[in-house]
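Student: Got a sequence here, can you model it:
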Amino acid sequence: MATKTDHNLSQRDLDRIIEMAWEDRTPFDAIEFQFGIPEKEVIEIMRRNMKVSSWRMWRKRVQGRKTKHLKKRTFTEGRHKCSRQRHISGNKISKR
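Tutor: Residues are numbered from 1 along each chain as shown. Here you go, the predicted structure:
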C-alpha cells in the first residue's frame, strides 16, 4: 500500500480517494474538488494501490463512463447522493 508519498496525503485521505474513485457515480471532478487531485493522478493512485487484476477491472469499468465525468452526464439537476453516505465530514458507510 501507499504511504504519504501520494501527494502528501494521509492514509485516511488516500483511502477516501480510492473509495470515491471505486464508486461508479462519484465523478472525478468531485475528487478533484475535494482533494485537488485531477483524474490522471487519481488513476495513478489507483494503479499503485490496487492489485493488477482489480485495477484492470476498474479501468475497464470507468473508461468513458458518463457518471464518472460531469461533462458527459445527461442529468444536470444535481449530484447523485447515495442514501448510505453521511455528511461529508463523516464519510462512513454503516456496516451491516
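
Student: From Pro38, how far off is Arg47?
Tutor: Shown here: Arg47 relative to Pro38, a distance of 15 Å by Cβ to Cβ, to the nearest Å. The C-beta positions use only the backbone N, C-alpha and C, and glycine is treated the same way.

Student: surely Asn49 meets Ile17?
Tutor: No: the pair Asn49 / Ile17 is not scored as a contact, 9.1 Å apart, by Cβ atoms under 8 Å.

Student: For the two, indicate the residue with more neighbours.
Tutor: More neighbours surround Ile17 than the other of Asn49 and Ile17, with 22 against 17 (other Cβ atoms under 10 Å).

Student: Run through the residues that contact the more buried one.
Tutor: Shown in contact with Ile17 (Cβ atoms under 8 Å, 6 or more residues apart in numbering): Leu9, Ile31, Phe35, Ile37, Val42, Ile45.

Student: among those residues, which are in helices?
Tutor: The subset of those located in helices under the criterion DSSP state H comprises Ile31, Phe35, Val42, Ile45.

Student: top of those by neighbour count?
Tutor: For those, counting by other Cβ under 10 Å, the largest number of neighbours falls to Ile31: 22 neighbours.
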